[in-house]
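# Build me a model:
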Amino acid sequence: MSTTTDSLYTQLRLRKPFALLSDAQFTGLLASARREEMPAGAVLIEQGAADRDFLVLLAGELEIRRRYVSPSGAEELEVGRLFPGDGAGEFAVLFGAPRQASVRALEPSTILRLEGERMDELLAWSQRFTDELRDTASVRARMNLVRQVAPFRQLPLERVRMAFERMQTRELPAGTTMVREGEAGDHYYLIESGHAEVWRTDPMTGETAQVATLGPGDAFGEEALLLGGFRNATVTLTTPGRLLALSKDDFDQLIRSLLVAEIGAGQANNMVEQDAADLLDCRYDLEYDEAHIPGARHLPLDKLRELSAALDPKRPYIVYCRSGRRSAAGAFLLRQRGLTAYSLTGGVRDWPYALEGEAVGTSADA
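Residues are numbered from 1 along each chain as shown. Below is the predicted model:
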């Protein structure tokens, strides 16, 4: 079986999560990919390796062996297989094997390696969910304005005051672009006066459209800071405006440190077993289908905003992704909406317990 570059590009481009990348991002990701011919028995990934690539299997068959700890404390072994479909040009994708897994070729295989960390970064900032920030009525003072913005409502008054004191005032004319899609994020902004439009490029069509308008009391810019990546929208003033800007360092120290709560695998597993929390997988469909934590509810990050209304406000949630980058934004979003949410440290990549999915076989004796 052979797979041409053009057909591979077309097929990958139509599938999530690749479909959510811009053409430039996707082309750049493929340009940096490494194509390898592996003989039968060759080890592609050794157990315990820290860095994980995304593997696109063009031909052949792979075996995924993963050791994990059972609820009884015994070490178990899972064995799964990955192989392309039968049709010409078919392929299969392994979205980053967990750290406890090893991967080897069962027969001569052709693979394409995509940089896992780079892919995570692109997915994190290309995801299309945004938090709808509310207008603040009858703003009487800046302090009152700051306190009514969603993230600040959950902070102690002392933290709100410190953030207010560190904000810089910016008087800007109409037409000023505050943040530009694709650029690195360095500030969190709060509109004191004036109005702005939010424009975003649809990764599926490449078309740019207005998705929101902002006014006094609205804030923006937190997603890029939380995800450690780039802006996923362009915000331009439509009138003269006065904005308050908080630097990334101050945002991390005063806001992120309190509103992005992380939890380790052991504690998370105990909470789930005791029915004290629910798991939310915020990855995309193919990633979830490949391997996920048993019992996890699937709420992709790009749909989390609209689906969060169906969550039980009295129930704690543990959000996870591949490595913890995307789940931090997901947990932050849920906490803004008054829910108790945690981000799973290390994501499914570092989960030492059982997984289930298409790339996970039945357990065998160690």
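# so what pLDDT did Ser70 get?
On pLDDT, Ser70 comes in at 77.
# Next up, the contacts around it.
For Ser70, the contacting residues are Glu76, Tyr353, Ala354, by C-beta atoms under 8 Å, 6 or more residues apart in numbering. All C-beta spots, glycine's among them, are computed from the backbone N, C-alpha and C.
# ditto for Met162
With contact set as C-beta under 8 Å, 6+ apart, Met162 has these partners: Leu254.
# and what of the one 3 residues further on?
Residues in contact with Glu165 (C-beta under 8 Å, 6+ apart): none are found.
# Break down the stretch 151-300 of the chain into its strands, ranges please.
Secondary structure of the stretch 151-300 of the chain (DSSP state E, counting those that start in this stretch): strands located at 168-172, 177-179, 187-193, 196-201, 208-214, 219-220, 234-237, 241-247, 262-263, 278-281, 297-298.
# and of those strands, who's closest to Glu306?
Among the strands of the stretch 151-300 of the chain, the nearest to Glu306 by C-beta to C-beta is strand 208-214 (13.2 Å).
# Run me through the strand neighbours of the closest one, direction for each.
Strand 208-214 pairs in its sheet with strand 196-201 (antiparallel), by DSSP bridges.
# average pLDDT for the strand it pairs with?
Regarding strand 196-201, the rounded mean pLDDT is 89.
# Switch the strands of the stretch 151-300 of the chain over to JSON lines; also include mean neighbour count.
Supplementary listing: the strands of the stretch 151-300 of the chain in JSON lines, determined by neighbours: other C-beta atoms under 10 Å:
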{"stretch": "strand 168-172", "mean neighbour count": "13"}
{"stretch": "strand 177-179", "mean neighbour count": "19"}
{"stretch": "strand 187-193", "mean neighbour count": "23"}
{"stretch": "strand 196-201", "mean neighbour count": "19"}
{"stretch": "strand 208-214", "mean neighbour count": "14"}
{"stretch": "strand 219-220", "mean neighbour count": "24"}
{"stretch": "strand 234-237", "mean neighbour count": "20"}
{"stretch": "strand 241-247", "mean neighbour count": "20"}
{"stretch": "strand 262-263", "mean neighbour count": "18"}
{"stretch": "strand 278-281", "mean neighbour count": "22"}
{"stretch": "strand 297-298", "mean neighbour count": "15"}
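# Can you flag which of the contacts of Ser70 belong to helices?
The members of the contacts of Ser70 all map outside helices under DSSP state H.
# Could you single out the nearest of those residues to Ser193?
Tyr353 (51.7 Å).
# Assumed Ser308 was part of a helix.
Yes: the assignment for Ser308 is a helix, going by DSSP: H, G, I helix; E, B strand; the rest coil.
# what ranges do the helices span in the stretch 201-350 of the chain?
Taking DSSP state H, counting those that start in this stretch as the test, the helices found in the stretch 201-350 of the chain are 222-227, 248-251, 257-259, 265-273, 285-290, 304-307, 325-336.
# any chance of those in TSV, with mean neighbour count, distance to Arg35 and mean pLDDT too?
Compiled in TSV, those are given as follows (neighbours: other C-beta atoms under 10 Å; distance: least, C-beta to C-beta, whole Å; pLDDT from 0 to 100):
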stretch	mean neighbour count	distance to Arg35	mean pLDDT
helix 222-227	24	29	74
helix 248-251	17	37	88
helix 257-259	15	42	69
helix 265-273	16	34	94
helix 285-290	18	21	89
helix 304-307	17	35	77
helix 325-336	26	27	81
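# As a markdown table, those helices with distance to Phe95 would be great.
Below are the helices of the stretch 201-350 of the chain laid out as a markdown table (distance: least, C-beta to C-beta, whole Å):
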| stretch | distance to Phe95 |
| --- | --- |
| helix 222-227 | 18 |
| helix 248-251 | 29 |
| helix 257-259 | 28 |
| helix 265-273 | 19 |
| helix 285-290 | 5 |
| helix 304-307 | 19 |
| helix 325-336 | 12 |
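# Out of those helices, which gets nearest to Met38?
With respect to Met38, and counting by C-beta to C-beta, the nearest of those is helix 285-290 at 19.8 Å.
# Restrict the closest one to CA atoms and write it as CSV.
Provided in CSV are the C-alpha atoms of helix 285-290 (Å, rounded to 0.1, in the frame of the first residue of the first chain):
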residue,chain,number,x,y,z
ASP,A,285,-13.0,12.8,18.8
LEU,A,286,-10.2,10.8,17.3
GLU,A,287,-8.0,11.3,20.4
TYR,A,288,-10.8,10.2,22.7
ASP,A,289,-11.7,7.2,20.6
GLU,A,290,-8.1,6.1,20.5
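# surely Leu280 meets Val319?
Yes: contact between Leu280 and Val319 holds when scored by C-beta atoms under 8 Å: they sit 4.7 Å apart.
# Overlap of the contact sets of these two?
Listed as contacting both Leu280 and Val319 by C-beta under 8 Å, 6+ apart are Gly330.
# Can you check which of the helices of the stretch 201-350 of the chain gets nearest to Arg15?
Nearest to Arg15 among the helices of the stretch 201-350 of the chain is helix 285-290; the distance by C-beta to C-beta comes to 6.2 Å.
# Which residue ranges make up the domains of this protein?
5-114, 142-259, 262-350 (automatic domain parsing).
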